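J.: got a predicted structure plus its sequence, pasted below:
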Amino acid sequence: MKSRLKKKKQKSVLTFKKQLKMASTHSATLNAVVNPKGADTAVTFSWGIDTNYGNTATVPGVLSGGTDQNVSADITGLEAETVYHFKVISVNSVGETDGDDLSFTTLADQATAPTAVTMPATNIT
């Protein structure tokens, strides 16, 4: 069970910036900048079709140090033309910082016309 000492929005022990790097029809890369402020810090993204999220993408490893660090997580299995919400969550021994909610819309499916090549007739009698 995870113990959380503090839970604050934005200007807490941790600092971060987040953005969506890329959204395609069925996947996206979620991005953030996290500053662990000197304590080992775990980072995840919560994401879903509304602000209840329902899904988690974990950033591998643990951040340390006192400088801004870029983190990202790829998510897949998204539906085309659908709005998704996400936020970054950073946790260390001092507390938790939840980022603000952002959203993106996946692209429409890009169907293309089939290819067809007429070939010479064979077995002509």
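T.: In hand now; what should we look at? Residues are numbered from 1 along each chain as shown.
J.: show me where the protein dips below the pLDDT cut-off.
T.: For the chain, the stretches flagged by pLDDT under 70 are 1-25, 112.
J.: can you give me the strands for it?
T.: Applying DSSP state E to the chain gives strands spanning 7-9, 15-23, 27-35, 42-48, 55-58, 69-76, 83-91, 96-98, 102-105.
J.: show me the one of these that comes nearest Ile124.
T.: Closest approach to Ile124 among these (Cβ to Cβ): strand 27-35, 49.6 Å. (Glycine included, C-beta is placed from N, CA and C.)
J.: relative to strand 42-48, how tilted is the closest one?
T.: With axes from the mean of the first three to the mean of the last three Cα atoms, to 10 degrees applied, the angle from strand 27-35 to strand 42-48 works out at 140 degrees.
J.: distance between strand 27-35 and the chain's centre?
T.: How far strand 27-35 lies from its chain's middle: 6 Å, per Cα atoms, centre = their mean, to the nearest Å.
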